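**Student:** A structural model of the following input is requested.
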Amino acid sequence: MKNSPIAVTLRAWALMILSLGAVGAWANDYPLAPNPNPVGNTISIATGDVGYHDTGTFTNFGQIEVQNGGTLRNLAEFDIIADEDSGSPGTPAIDILAGGLMETVPGTQMNFDTLSRFYVLGTVVNEGNISTGWTADTGVGSQFTNFGSYQGKRATTFRGDVDNFGFLGNTATSTQAGYLQQIATRFTNHAGATLLNHGEFVNFTQLDNSGSILNDTFLSGGVGRGIFRSGGVLNNLAGGDVSNRHRWFNPGQINNEGLFTNEADSLGLANESTGQINNLAGGTFINRQTINNAGQITNAGSFQLAAFSSGGIAGGGSYLQTGGETIVDAILQAASIDFEAGFLRGNGSLDGPVHIFQPAILSPGQSAGHLDFVGNLMLDGTLEIELESSALFDSIAVDGMLDLGSQSVLDISLLGGFVPDGAVSFDLVTATAINGSFGTINLPTEIANQYRLVQIPGSGGGPTILRLTAVPEPGATGLAMLFGMAGVLSFRRRREGR
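**Tutor:** Residues are numbered from 1 along each chain as shown. Have a look, this model is predicted:
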């Protein structure tokens, strides 16, 4: 666990107070009694420190109420269980009222695993283990700080401030799954901490993560659980790690500066019509399963669609890149796909109208490779083409109209010492139709005086081709000369500027 200033301060404060009892007693130490606490009885802690630190178990069938100015400390094992043999079990409970304080130390255990209530309006500092199997509710104005382990197995609601430096789990059993509502005024999962969801986690407000969030599947009652609903704001900060291995629904906002992975073994991520996924500068979003996008996805970091059968983006939302890179090794489908800056790479397919602005760069593959465009492509940016051998070179295919703007650039480079001998041609672009021409063509010095770009019109229903060849081919349109002249002029400008 990393020692952030907040963690050090809270831990030091908690240990300073708890250490006073390590020698046997606090200044006002009262034993927790009676043990067991019977059905219908309420132990009220109004002032001083009341604690349990025997070697056995304190059993509560009634209610423990910590009032303003009171403190409940646990140095042993604390079981809150229902008296199922009494005929009228009541509701065993611990209530930490406003101004009240509950503290545990490492190695201690507080169990609320049967019919019981854990209600907090005051402060809880946990360095041990708390397990709730029924209802846990922290009210507005409360403070819940966890250095140890908290496991909610049924119903947990956070309404106050939450700081997690340890393990906080919304877990499940074979018969029931946890349900956690996050409506806290501030919920922070700190660096080194783990937030695990095996049930259903609903984020209504804001969750800031610098640690680890894992949404994983768990078979409960014959149904696979592990559902994360982010209706509020999830800020995955630099150093944070979020992993989805089951179902994720986003009607809210995800801001990613860390690592967010939609795993291949998940059932995908649904970005709903009101949803926003913002992969910020420095953030890495790795998608190995389907993202059903009806909202907005914006990228300024690294957005990677991995080469899995279903590792793409589908739906009628939008995709906008303002910087960074998008690597498409699967399918990127959207109603609008715009690249204002940064790189577009990969060997996959883009389905929808694509606009590549200047200074964005279209660079097929991740070395030499190929990208498909299903729909129209408007290119005002740069097309980077790498020639590695006569059989291995970059190319694109456009199943629609290719519009070349006046600012468009074709930038060709040679890899690995390869220099074509003039006997080979390279089909760099195929399209249903081509409108316009490259504003600038940059050719490598080694081939600038020998090769030209020519346009071969489609015939018999075939595509129009932009071909890099050593000689103008018969049947090439007058545009071939235009491409050729542009290449020569560009090359001359580059040489004269050196």
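
**Student:** show me the strands in the stretch 351-498 of the chain, by range?
**Tutor:** Using DSSP state E, counting those that start in this stretch, the strands found in the stretch 351-498 of the chain span residues 354-356, 361-364, 370-374, 377-379, 382-387, 395-404, 409-414, 426-436, 440-442, 452-456, 464-469.

**Student:** need those strands in a markdown table with mean pLDDT, mean neighbour count and distance to residue 151, can you?
**Tutor:** The C-beta positions use only the backbone N, C-alpha and C, and glycine is treated the same way. As requested, the strands of the stretch 351-498 of the chain are arranged in a markdown table below (pLDDT from 0 to 100; neighbours: other C-beta atoms under 10 Å; distance: least, C-beta to C-beta, whole Å):
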| stretch | mean pLDDT | mean neighbour count | distance to residue 151 |
| --- | --- | --- | --- |
| strand 354-356 | 98 | 22 | 47 |
| strand 361-364 | 98 | 22 | 48 |
| strand 370-374 | 98 | 19 | 47 |
| strand 377-379 | 98 | 25 | 52 |
| strand 382-387 | 98 | 22 | 52 |
| strand 395-404 | 98 | 19 | 52 |
| strand 409-414 | 98 | 20 | 56 |
| strand 426-436 | 98 | 18 | 57 |
| strand 440-442 | 98 | 21 | 61 |
| strand 452-456 | 96 | 22 | 65 |
| strand 464-469 | 98 | 22 | 61 |
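
**Student:** mind listing what residue 365 touches?
**Tutor:** Counting by C-beta atoms under 8 Å, 6 or more residues apart in numbering, residue 365 makes contact with 345, 346, 347, 371, 386, 394.

**Student:** how about 6 Å then?
**Tutor:** Residue 365 makes contacts with 347, 394, as judged by C-beta atoms under 6 Å, 6 or more residues apart in numbering.

**Student:** and it, how far is that from residue 424?
**Tutor:** To residue 424, residue 365 is 19 Å away according to C-beta to C-beta, to the nearest Å.

**Student:** do the same with residue 392
**Tutor:** 12 Å.

**Student:** then residue 269?
**Tutor:** Residue 269 sits 44 Å away from residue 424, going by C-beta to C-beta.

**Student:** ok, these two, which is more surrounded?
**Tutor:** Neighbours per residue (other C-beta atoms under 10 Å) separate residue 269 from residue 424, with residue 269 holding more: 26 against 15.

**Student:** what are the bridge partners for the more buried one, then?
**Tutor:** residue 248, residue 291 (DSSP bridges).

**Student:** same check, this time on residue 378
**Tutor:** For residue 378, the beta-bridge partners are residue 355, residue 403 (DSSP bridges).

**Student:** in this structure, which residue is closest to the centre?
**Tutor:** residue 260 (3.1 Å; C-alpha atoms, centre = their mean).

**Student:** low-confidence stretches in the stretch 251-400 of the chain?
**Tutor:** Applying pLDDT under 70 to the stretch 251-400 of the chain flags the ranges 308-310.

**Student:** run the last query once more with 80
**Tutor:** Residues of the stretch 251-400 of the chain meeting the criterion pLDDT under 80: 308-311.

**Student:** now the stretch 1-150 of the chain
**Tutor:** In the predicted model, the stretch 1-150 of the chain carries pLDDT under 80 at residues 1-31, 47-49, 52-56, 76-92, 113-116.

**Student:** mind listing the helices for it?
**Tutor:** Here the stretch 1-150 of the chain has its helices, by DSSP state H, counting those that start in this stretch, at 5-19.

**Student:** the nearest residue to residue 306 once chain neighbours are set aside: neighbour count?
**Tutor:** The shortest distance from residue 306 to any residue other than its chain neighbours is 4.6 Å, reached at residue 288 (C-beta to C-beta, 6 or more residues apart in numbering). Residue 288 has 20 neighbouring residues, counting by other C-beta under 10 Å.

**Student:** same deal with residue 33?
**Tutor:** Residue neighbour count, defined by other C-beta under 10 Å, stands at 11 for residue 33.

**Student:** quick check: phi and psi on it?
**Tutor:** Phi and psi for residue 33, reported as degrees, to the nearest 10, are phi -150, psi 160.

**Student:** repeat for residue 239
**Tutor:** Main-chain torsions, residue 239, degrees, to the nearest 10: phi 90, psi -10.

**Student:** quick check: the gap between it and residue 258.
**Tutor:** Distance of residue 239 to residue 258, computed by C-beta to C-beta: 6 Å.

**Student:** more neighbours, the two?
**Tutor:** The residue with more neighbours, out of residue 239 and residue 258, is residue 258; 24 against 15, by other C-beta under 10 Å.

**Student:** was I right to think the more buried one contacts residue 242?
**Tutor:** No: taking contacts as C-beta atoms under 6 Å, residue 258 lies outside contact range of residue 242: 7.2 Å.
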